[in-house]
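Peer 1: build me a structure from this.
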Amino acid sequence: MTTCLFSIVVPTYNSSQTIRTLCKEILSAEPNAEVVIVDDNSPDGTGLIADEIAASCPRVKILHRRSRLGVGSAVYEGIQCATSDMVVVMDSDLHHPVSVLPKMIELLRSGYDLVIASRYAKGSQFICSSVLRLLVNKLGNKAARRFLGVRVEDCTHGFRAYRKSVFLNSFDKSFVDGTFNIVVLANAWRHGFKVAEVPCSSVHLGKSNAGAALRYSSVLLRIARRRIISSLPGR
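Peer 2: Here you go, the predicted structure:
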């Protein structure tokens, strides 16, 4: 059996239209990769499709969860089950290009601990159908850099590669939704782990998500408050 060089964790919910294509693209481009699908009991049958894929391909694992418990906790459980110490997290909607994987893994091998596929790094192109969504995303990243003190252009993108131990040590179980990405980055940066970005062009369709923007703002304020308190004399 070929050695698994790295693991790819894919959280899914109602991804029946894309999961076959994504697995095919990953395994065709990276035959030595392991795919860990974490499905939150999708009502559209994603879990059953994932079972079929796993039955025909030993490189694919499927974790079934009883309900929709949050993408952050899905990623955490998937990374716990990953075979390799080098782990990539991808969305299931085909917005994250497989072509970026080799560079992400190369940087992990060279000594980095967290690699972000950045929509704002030089050479990237971020196409968004909603001007408001694009504006909110840019402002959110600017706020994240200011509040977190990190020198990273894309603080919110979920397409990332990690050393398994770094993710598990940086994850905070009180953040189970998409805001976990910012929290993991903030904790990894604070602990001195090496962070890099690679260019990643991305296309996003759909409307802006005001609820997500509010959640990210709340998390940034909580992190900033913790930093202020920890810096006070006697702390």
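Peer 1: for the residue nearest in space to the middle of the chain, give its distance to residue 192.
Peer 2: By CA atoms, centre = their mean, the mean C-alpha position of the chain lies nearest to residue 158, the distance being 3.1 Å. Look at residue 158 and residue 192: by CB to CB, to the nearest Å, they are 23 Å apart. Placement of C-beta: from N, CA and C, glycine included.
Peer 1: can you get me a residue count around residue 8?
Peer 2: 27 (other CB atoms under 10 Å).
Peer 1: surely it is in contact with residue 36?
Peer 2: Yes. With contact defined as CB atoms under 8 Å, residue 8 and residue 36 form a contacting pair (6.9 Å).
Peer 1: what stretches of this protein score poorly on pLDDT?
Peer 2: Scanning the chain for pLDDT under 70 picks out the ranges 1-3, 205-214, 216, 224-235.
Peer 1: which parts of it are helices?
Peer 2: Ranges of helices in the chain, per DSSP state H, are 19-29, 46-56, 71-81, 101-109, 131-148, 164-170, 180-190, 210-231.
Peer 1: so the third one versus helix 180-190, what angle?
Peer 2: In other words, helix 71-81. Going by axes from the mean of the first three to the mean of the last three CA atoms, to 10 degrees, helix 71-81 is angled at 60 degrees with respect to helix 180-190.
Peer 1: kindly report the same for the fourth one.
Peer 2: Between helix 101-109 and helix 180-190, the angle formed by their directions is 30 degrees, by the same axes, to 10 degrees.
Peer 1: now the angle from helix 101-109 to helix 19-29?
Peer 2: Using the same axes, to 10 degrees: helix 101-109 against helix 19-29 is 60 degrees.
Peer 1: any idea how far residue 54 is from residue 129?
Peer 2: 33 Å.
Peer 1: for residue 70, that is, sorry about that
Peer 2: When residue 70 is compared with residue 129 (using CB to CB), they lie 26 Å apart.
Peer 1: more neighbours: the two, which one.
Peer 2: The residue with more neighbours, out of residue 70 and residue 129, is residue 70; 18 against 12, by other CB under 10 Å.
Peer 1: show me what contacts the residue lying closest to the more buried one once chain neighbours are set aside?
Peer 2: Nearest non-adjacent residue to residue 70, counting by CB to CB, 6 or more residues apart in numbering: residue 176, 3.2 Å away. Applying CB atoms under 8 Å, 6 or more residues apart in numbering, we find residue 176 in contact with 69-73.
Peer 1: try residue 126
Peer 2: Counting by CB under 8 Å, 6+ apart, residue 126 has contacts 119-120, 134, 137, 201-202, 204.
Peer 1: tell me the phi and psi of the closest residue to residue 177 other than its chain neighbours?
Peer 2: The shortest distance from residue 177 to any non-neighbouring residue, by CB to CB, 6+ apart, is to residue 70 (5.1 Å). Reported as degrees, to the nearest 10, the phi and psi values for residue 70 are phi 110, psi 140.
Peer 1: kind regards, and thank you for your time.
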